[in-house]
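> this is the structure alone, sequence omitted:
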């Protein structure tokens with residue numbers, strides 16, 4: 001029955017796509033049921049298969065530009081998809097769409113993905129959140145620092161660094177001493193981008209580390225920290241770091 005239902009969803013989605021994509025056809029607002037069917041149809045999608053069902057969802061998104069109510073309905077169905085037993089490929093597609101249209105409504109579902117033991121799931125969630133500058137997204141990412149693992153944790157750290165998230169400097173600084181080299185390297189690099197007072201202090205200390213690998217990473221991040229400060233107009237602080245790096249050789 002489950003497969004029959006999904007097959008019907010696919011048929012409905014393809015039919016909807018045909019209507020929406022018809023040359024010169026006037027766009028008719030889709031019903032809630034049509035949106036639900038179109039998104040549900042991608043649940044079994046896997047890499048290498050026909051993208052017709054995906055195209056139907058993309059068309060829905062494109063045709064509802066500027067319509068916040070319909071976009072909210074679509075987002076609701078996309079969130080249901082990432083919370084379901086859909087394929088990895090389907091969830092990856094959904095996260096790409098949430099990158100484009102996601103709001104705070106999708107953050108709770110993405111928060112669960114961030115701490116999934118499967119690193120790829122967390123990486124997908126980070127991608128979806130990477131175009132989402134809201135405070136809720138920042139809070140969610142910071143909360144994942146103590147729960148995410150492996151490559152998922154690295155992805156969270158990297159994104160917080162890209163966001164220049166000053167509030168995450170303290171927990172990220174602690175991860176700079178992680179026995180996991182990938183986590184430690186990501187934390188050090190993120191501090192170089194955050195470049196607040198705490199990051200400067202931590203990186204300055206790490207440039208004196210006895211661990212040659214960690215010291216090299218810290219030197220690189222410290223240089224980036226100086227460059228960040230310079231772009232923010234803090235030339236005196238940046239100059240101080242440049243001098244320290246020059247003396248250290």
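That came in fine, so what should we check first? Quick caveat, the model's predicted, so the values are computed rather than measured.
> shaky segments in the protein?
Counting by pLDDT under 70, the chain shows low-confidence ranges at 1-27, 249.
> please parse it into its domains.
Partitioning the chain according to automatic domain parsing yields domains covering residues 1-101, 103-160, 164-249.
> what's the most buried one of the ones you listed?
Mean neighbour count, computed with mean count of other CB atoms under 10 Å, is highest for domain 103-160 among the domains of the chain, reaching a mean of 20. Glycine gets a C-beta too; all of them are placed from N, C-alpha and C.
> measure it end to end?
This stretch, domain 103-160, spans 18 Å end to end (CA to CA, to the nearest Å).
> show me how far that domain is from its chain's centre.
Going by CA atoms, centre = their mean, to the nearest Å, the spacing between the C-alpha centre of domain 103-160 and its chain's C-alpha centre is 6 Å.
> straight-line length of stretch 79-96, end to end?
End-to-end distance for stretch 79-96: 12 Å, by CA to CA.
> contact partners of that stretch?
For stretch 79-96, the surrounding residues in contact (CB atoms under 8 Å, 6 or more residues apart in numbering) are 39-40, 42-47, 54, 57, 78, 98, 105-106, 109-110, 112-113, 120-121, 124-125, 127-128.
> go again using 6 Å as the cut-off
39, 42-43, 45-47, 54, 78, 106, 109, 124, 127-128 (CB atoms under 6 Å, 6 or more residues apart in numbering).
> now flag whichever of these is closest to residue 208.
Nearest to residue 208 among these: residue 127, at 35.9 Å, using CB to CB.
> quickly find the element holding that closest one.
With elements delineated by DSSP states H and E, residue 127 resides in helix 119-129, which encompasses its position.
> please name every helix or strand in contact with that helix.
If contacts are counted by 3 or more CB pairs under 6 Å, 6 or more residues apart in numbering; DSSP states H and E, helix 119-129 sits against helix 88-101, helix 107-114, helix 150-162.
> quick one: which of those helices is nearest residue 184?
The closest approach between residue 184 and any of these, judged by CB to CB, belongs to helix 150-162 at 9.7 Å.
> any idea how far the closest one is from the chain center?
Using CA atoms, centre = their mean, the distance from the centre of helix 150-162 to the centre of the chain it belongs to is 9 Å.
> isn't residue 98 up against residue 128?
Yes: with contacts counted by CB atoms under 6 Å, residue 98 reaches residue 128, the gap being 4.1 Å.
> name the SS class of the nearest residue to residue 115 once chain neighbours are set aside, please.
Spatial nearest neighbour of residue 115, excluding adjacent residues (CB to CB, 6 or more residues apart in numbering): residue 147 at 4.2 Å. State at residue 147, reduced to three classes by DSSP: H, G, I helix; E, B strand; the rest coil: coil.
> how near is residue 208 to residue 214?
Distance from residue 208 to residue 214, counting by CB to CB, to the nearest Å: 10 Å.
> could you measure from residue 140 over to residue 191?
Per CB to CB, residue 140 is found 20 Å from residue 191.
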